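Q: With the input below, show me the fold.
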Amino acid sequence: MKDVFASLVLVYDSWTEPIPQLRAAVLPDRHLIFEGDGVILDLLLKKNGNDSSIQVGGQVLPGDDSLDSVAYVQVLIEQGSHRSSTQTNILGEFAFQTVPNGTFNLAITFKNRRFIVRGLSNTQPRMWQVQPVAVSRV
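A: Below is the predicted model:
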């Protein structure tokens, strides 16, 4: 068996970096882009109208591989004892409609690697930490 490690680096955070001129000056939503190991994770944390939860959506994009590599990939949100999972569609898009406010972890699992972004929050700008995880290969 061989362990494969994958790592991501945050390349854009709309709360801490200048917003391109094409966007509004003040955005309550948080846009994050992570990149690494041939994968791009485009993530949006959007407040729901009731202020007790957020919507989490995004797209997993292939760096060099074909679009097939991001279709039907498992995406998991963990927040304390609460867990929700979904799969990406054929374009690598996914969405969680209601995630309670607070800090949560997001994991994306491919066939041979896994990415975990720990400490995501809709209130704290830099609480996240990307951790590569080994996935055993046969």
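
Q: List the pairing partners of whichever helix or strand residue 10 is part of within its sheet, with orientation.
A: Assigning secondary structure by DSSP states H and E places residue 10 in strand 9-13. Strand 9-13 sits in its sheet next to strand 30-36 (antiparallel), going by DSSP bridges.

Q: now residue 47: how far from residue 29?
A: Counting by Cβ to Cβ, to the nearest Å, the gap from residue 47 to residue 29 is 7 Å. For the C-beta atoms, the positions are set from N, CA and C on the backbone; glycine is no exception.

Q: How about residue 42?
A: From residue 42 to residue 29 the distance is 13 Å (Cβ to Cβ).

Q: same question, residue 92
A: In terms of Cβ to Cβ, residue 92 sits 20 Å off from residue 29.

Q: Between the two, point out the one with more neighbours.
A: Using other Cβ atoms under 10 Å as the criterion, residue 92 and residue 29 rank with residue 92 on top: 24 against 13.

Q: ok, the more buried one touching residue 57?
A: No - counting by Cβ atoms under 8 Å, residue 92 does not reach residue 57; the two are 11.6 Å apart.

Q: Flag the shaky bits of this protein, pLDDT-wise.
A: In the predicted model, the chain carries pLDDT under 70 at residues 1-8, 14-27, 64-68, 124-138.

Q: Which parts of it are strands?
A: In the chain, the strands defined using DSSP state E lie at 2-4, 9-13, 30-36, 39-47, 53-62, 74-79, 82-87, 93-100, 103-109, 114-121, 129-133, 135-137.

Q: Mind putting the ones you listed into CSV with mean neighbour count?
A: CSV is the format used below for these (neighbours: other Cβ atoms under 10 Å):
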stretch, mean neighbour count
strand 2-4, 12
strand 9-13, 14
strand 30-36, 19
strand 39-47, 19
strand 53-62, 19
strand 74-79, 17
strand 82-87, 13
strand 93-100, 16
strand 103-109, 20
strand 114-121, 18
strand 129-133, 15
strand 135-137, 12
